[in-house]
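Engineer: Build me a model from this:
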Amino acid sequence: MKGTPGVFQDFMSIPGIMAFPIEPGSLGQSGFSQPVQFVLAGTDYKELAKWRDLLKEEIKGNTQLRNPDWDYKETKPQLIVAIDLDKAAELGVSVANIGSTLQTFMGSLQVTNYLDKGEQYDVMIQGSDADRMRGADMTGIYVRSDRSGMLIPLSNLITYHETADSGSLNRYNRLRAVTLSASLAPGYTLGQALEYLETSARKVLPSDARIDLKGESREFRETGSAIYFTFLFALIAVYLFLAAQFENWVHPLVIMMTVPLAVVGALWGLFLSGATLNIYTQIGLIMLVGLAAKNGILIVEFTNQLRDEGYEFMKALKTAALARLRPILMTSFATAAGALPLIFASGAGAESRFPIGVVIFSGVIFSTVFTLFVVPSFYAMLAKHTKSPLSTGRKLEAELKALETEK
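Structural biologist: So this is what the prediction gives:
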């Protein structure tokens, strides 16, 4: 099955049409949308159209932005009618009369309704189709003067001209707005595209131009800034849980040394696979905090148990590292194998699952290999002067026995 880039190339090879594929949204998103959603906001659509043209000219050389499209395009024909208010007042014709006359003949007006066999029907009046096809047809319409009662041709009271405007006038955050939508070329990240657009906008647009993001672009920017807090919170939470379990502040610190190794492995895997940092890889990185810590827990916990049994510090550490080698390898390989379906599976949602699988697989493998060396080394450096968990209990027991002996 071809991916989106391959399908895009096939579409572009067909002469005479413009078509492009769009991936469906995921993680609760609905519908189809392009990843780049760059918004220009202001108070006047004509001014926004000028800003749009300036930015369009600036970014036209960037081939990494594919299928750029604006939601404000002056393609809908319109007929602008201007009323000569002074002449209308002089002849005794009200603006409301002119408006209702144009509505009736050029559009339609419901005047009443009637019942027939239990069904109600609306009665609409309007000009015939042949008499309302062009703007010039308005010159044959007459309005009655409220003052003299005479019929006056509308051609004496109005002027008109043809123009074009957008079929829809959109707003965003209560401001008039036009939005640039675009897809990305393979290897070009959403972060790079947004940074490029923001730099280009600051370069060519006036200082009062407001820029904003929406859709996937807004979610990317918000989650990108929140990931640091989330990741830090996960580290602190895991550290405090481990500190409560081990009743020590140093031993959890040794265990947490495995987390940077897992992150480095995950980033290395993303680089080799060509994946990018996005919301899915961020979820995988947070999962690695717990997955990487389990290997250090196995070594530190068993070392403490051996020290409680009376083993000398270095002997307890070496024995624990050797004894826990097989369990660490078994659990790590099982976790990595569980991520393989996320990497190799195809079909709907595969693009979302792939980066999570890469992060888990590469992060777990990399941290496992180096955990076998890093955790014992840091334990030897940091925990050498710490006491075993049961040392305080044994000390109390010895003091109680000494008191009983004296008695």
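
Engineer: Now do residue 246, the pLDDT please.
Structural biologist: pLDDT for residue 246: 78.

Engineer: how many neighbours does it have?
Structural biologist: By the criterion of other C-beta atoms under 10 Å, residue 246 has 19 neighbours. All C-beta atoms are positioned from the backbone trio N, CA, C, and that covers glycine.

Engineer: any idea how far residue 325 is from it?
Structural biologist: 21 Å (C-beta to C-beta, to the nearest Å).

Engineer: Break down the stretch 101-250 of the chain into its strands, ranges please.
Structural biologist: 109-116, 119-125, 142-144, 151-153, 158-166, 171-172, 175-184, 210-213 (DSSP state E, counting those that start in this stretch).

Engineer: So which residues make contact with the first one?
Structural biologist: Residues lying outside strand 109-116 but in contact with it, judged by C-beta atoms under 8 Å, 6 or more residues apart in numbering, are 100, 103, 120-126.

Engineer: Ok, the fourth one next?
Structural biologist: Under the criterion C-beta under 8 Å, 6+ apart, residues 91, 93, 139-145 lie in contact with strand 151-153.

Engineer: now that we have those residues, which one has the most neighbours?
Structural biologist: Using other C-beta under 10 Å as the neighbour test, those are led by residue 93, with 24 neighbours.

Engineer: In three-state terms, how would that residue be classified?
Structural biologist: Using DSSP: H, G, I helix; E, B strand; the rest coil, the structure places residue 93 in coil.

Engineer: phi, psi of it?
Structural biologist: The phi and psi values for residue 93, taken as degrees, to the nearest 10, are phi -110, psi 120.

Engineer: Quick check, it in contact with residue 145.
Structural biologist: Yes - counting by C-beta atoms under 8 Å, residue 145 is a contact partner of residue 93 at 5.5 Å.

Engineer: out of the contacts of strand 109-116, what pair is the most spread apart?
Structural biologist: 100 and 120 (23.8 Å; C-beta to C-beta).

Engineer: Please write out the alpha-carbon positions of stretch 280-293 in PDB.
Structural biologist: What follows is stretch 280-293, C-alpha atoms only, in PDB (Å, rounded to 0.1, in the frame of the first residue of the first chain):
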ATOM      1  CA  TYR A 280       2.600  10.300  19.600                       C
ATOM      2  CA  THR A 281       6.300  10.300  20.300                       C
ATOM      3  CA  GLN A 282       5.700  12.500  23.300                       C
ATOM      4  CA  ILE A 283       3.300   9.900  24.700                       C
ATOM      5  CA  GLY A 284       6.000   7.200  24.100                       C
ATOM      6  CA  LEU A 285       8.700   9.200  25.900                       C
ATOM      7  CA  ILE A 286       6.500   9.600  29.000                       C
ATOM      8  CA  MET A 287       5.900   5.800  29.000                       C
ATOM      9  CA  LEU A 288       9.600   5.300  28.900                       C
ATOM     10  CA  VAL A 289      10.000   6.900  32.300                       C
ATOM     11  CA  GLY A 290       8.300   3.900  33.900                       C
ATOM     12  CA  LEU A 291       9.700   1.200  31.500                       C
ATOM     13  CA  ALA A 292      13.300   2.300  31.900                       C
ATOM     14  CA  ALA A 293      13.100   2.600  35.700                       C
END
